[in-house]
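Colleague: sequence? don't have it. structure:
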């Protein structure tokens, strides 16, 4: 408000210096001040709109960046899922291999024991197998 009155006085003084009639000059000064006031409001609105537009642009830029980051993260997650699946398959294969290895080792030990019996005693490995077959009947 004070600035408006100050401007009014400056404009009125300038018009007075130009030699216009006092009342006429005062109306012109008021009209000029009114126009300046409207121009200032327009400028303030423009600045506010510019700030809003700049913020919207910045938000859109950030959204694009987030979208790109989400894409990269999505790809990484897909890769991790693939690796996880492969790891689970590998672990299952290892588990199966260990079972087969234990079974093979047990069979091997049994056969080694049978061979040792052949060389140590009179019993044949097939006799022992027959005895176990007979005991189950």
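Modeller: Okay, I see it. Note that this is a predicted model, so its numbers are computed, not measured.
Colleague: elements contacting the longest helix seen in the chain?
Modeller: As assigned by DSSP state H, the longest helix anywhere in the chain is helix 22-120. When contacts are defined as 3 or more C-beta pairs under 8 Å, 6 or more residues apart in numbering; DSSP states H and E, helix 22-120 sits against helix 2-18, helix 125-136. Placement of C-beta: from N, CA and C, glycine included.
Colleague: least reliable of those going by mean pLDDT?
Modeller: Lowest mean pLDDT of the helices and strands packed on helix 22-120: helix 125-136, a mean of 55.
Colleague: And the pLDDT for residue 28?
Modeller: pLDDT, residue 28: 77.
Colleague: Run a quick neighbour tally on it.
Modeller: Residues contacting residue 28 under the criterion other C-beta atoms under 10 Å number 16.
Colleague: Give me the below-cutoff pLDDT ranges for the chain.
Modeller: 1-25, 121-137 (pLDDT under 70).
Colleague: redo that, cut-off 50
Modeller: Under the criterion pLDDT under 50, the flagged ranges of the chain are 1.
Colleague: Look up how far residue 39 lies from residue 32.
Modeller: From residue 32 across to residue 39, the span is 10 Å (C-beta to C-beta, to the nearest Å).
Colleague: And the two? Which one has more around it.
Modeller: Taking other C-beta under 10 Å, residue 32 and residue 39 do not tie; residue 32 has more neighbours (16 against 10).
Colleague: That one and residue 26, how far apart?
Modeller: 11 Å.
Colleague: again with residue 72
Modeller: On the measure of C-beta to C-beta, residue 72 and residue 26 end up 68 Å apart.
Colleague: When the two are compared, which one has more neighbours?
Modeller: residue 26 (16 against 10).
Colleague: what's the burial count for residue 29?
Modeller: Residue 29, neighbours per other C-beta under 10 Å, totals 21.
Colleague: and what of residue 111?
Modeller: The number of residues packed near residue 111 is 11, by other C-beta under 10 Å.
Colleague: ok, it to residue 104 distance?
Modeller: Residue 111 is 10 Å from residue 104, by C-beta to C-beta.
Colleague: swap in residue 42?
Modeller: 91 Å.
Colleague: before we move on, what about residue 77?
Modeller: From residue 77 to residue 104 the distance is 40 Å (C-beta to C-beta).
Colleague: Right, I'll leave it there.
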